[in-house]
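*Asks:* based on what follows, work out the 3D shape:
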Amino acid sequence: MKQTHLYEDIDDVKFVIIYFFEVVLIAFLVNLLPSYWLEEITANVSSIIFSHLGLLSTWFSDGINVYVQVGDSLKSVVIGIVRECTGIHVIAIFAGLVLPLREGTNKRKTLALVMASVIMFFLNITRVLLTIGLIFFDVFPFSVIFLNPTVETYHYPLSYLYGVFGVFLLIISIDRLVLPELGDTLVNVMLILRKFFSNLLFQILTKNKKR
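*Replies:* Residues are numbered from 1 along each chain as shown. Next up is the predicted model:
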């Protein structure tokens, strides 16, 4: 029987290691970018949409924090728009996945990032609207489950769902419309990892049998 060596595809393993390193580095650097201006835009657009839906809404800033207010003196909800509300973390990860690609022109990579940013921005707007709406209207059946809901009651579950869904949607959309090299690279990475760990498991089992 031919013995399978763990490092027989060392170039593939190096490729995966370098790619992951570049993904993490780029995502980290993008996350360092200031987002206050984007928080203001998010608050402004959210307030405008609420107003178009017939609700009294405004947004304001104290120079440090940004807020959206919905309602009047009888019932009012005020939430802060923080860095996480802008979707910059998802865009940072996506930039990390796209920019290190060995194939694909810079023009298409740029177009992919622009499209992803626009998609993610409007996804986050819906998340903000949904979070505030659930609190303000005390929607059934959540009103039965949560007697005194706060922003955090809906913020973290929705953020998690939107984060996972957002990354998946961005990858599928950009891969199909703009940058097929993204999907090809991610599939290749998964195949290399599967082969690597299969070989690793084979080596471990083989050594245990010899003992």
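
*Asks:* from here on, just use CA atoms for contacts and neighbour counts.
*Replies:* Will do.

*Asks:* and Leu158, which helix or strand is it part of?
*Replies:* Leu158 is part of helix 151-177 when elements are defined by DSSP states H and E.

*Asks:* packing partners for that helix?
*Replies:* Secondary-structure packing of helix 151-177 (3 or more CA pairs under 8 Å, 6 or more residues apart in numbering; DSSP states H and E): helix 88-98, helix 106-137, helix 180-210.

*Asks:* of these, which stretch is the most buried?
*Replies:* Each of the helices and strands packed on helix 151-177 was scored by mean neighbour count; the highest is helix 88-98, a mean of 22, by mean count of other CA atoms under 10 Å.

*Asks:* output the helices and strands packed on helix 151-177 as TSV; include the columns mean pLDDT and distance to Ser173.
*Replies:* Output for the helices and strands packed on helix 151-177, formatted as TSV (pLDDT from 0 to 100; distance: least, CA to CA, whole Å):
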stretch	mean pLDDT	distance to Ser173
helix 88-98	90	12
helix 106-137	87	9
helix 180-210	82	10
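
*Asks:* let's have those helices in JSON lines, adding distance to Tyr156.
*Replies:* Output for the helices and strands packed on helix 151-177, formatted as JSON lines (distance: least, CA to CA, whole Å):
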{"stretch": "helix 88-98", "distance to Tyr156": "14"}
{"stretch": "helix 106-137", "distance to Tyr156": "10"}
{"stretch": "helix 180-210", "distance to Tyr156": "28"}
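
*Asks:* looking at those helices, spot the one closest to Val70.
*Replies:* Nearest to Val70 among these is helix 106-137 (7.9 Å), distances taken as CA to CA.

*Asks:* show me what that closest one is packed against.
*Replies:* Contact here means 3+ CA pairs under 8 Å, 6+ apart; on that basis helix 106-137 packs against helix 36-52, strand 76-81, helix 88-98, helix 151-177.

*Asks:* now do the most centrally placed residue in the chain against Ile41, distance only.
*Replies:* With distances taken as CA atoms, centre = their mean, Val90 lies nearest the centre of the chain, 2.8 Å away. Per CA to CA, to the nearest Å, Val90 is found 17 Å from Ile41.

*Asks:* over to Val128?
*Replies:* Computed as CA to CA, the Val128 to Ile41 distance reads 12 Å.

*Asks:* one more: Asn199?
*Replies:* Between Asn199 and Ile41 the computed distance is 50 Å (CA to CA).

*Asks:* do Ile79 as well
*Replies:* Counting by CA to CA, the gap between Ile79 and Ile41 amounts to 15 Å.

*Asks:* please apply the same query to Asn65.
*Replies:* Distance from Asn65 to Ile41, by CA to CA: 13 Å.

*Asks:* out of the helices and strands packed on helix 151-177, nearest to Tyr36?
*Replies:* Closest to Tyr36 of the helices and strands packed on helix 151-177, according to CA to CA: helix 88-98, at 11.0 Å.
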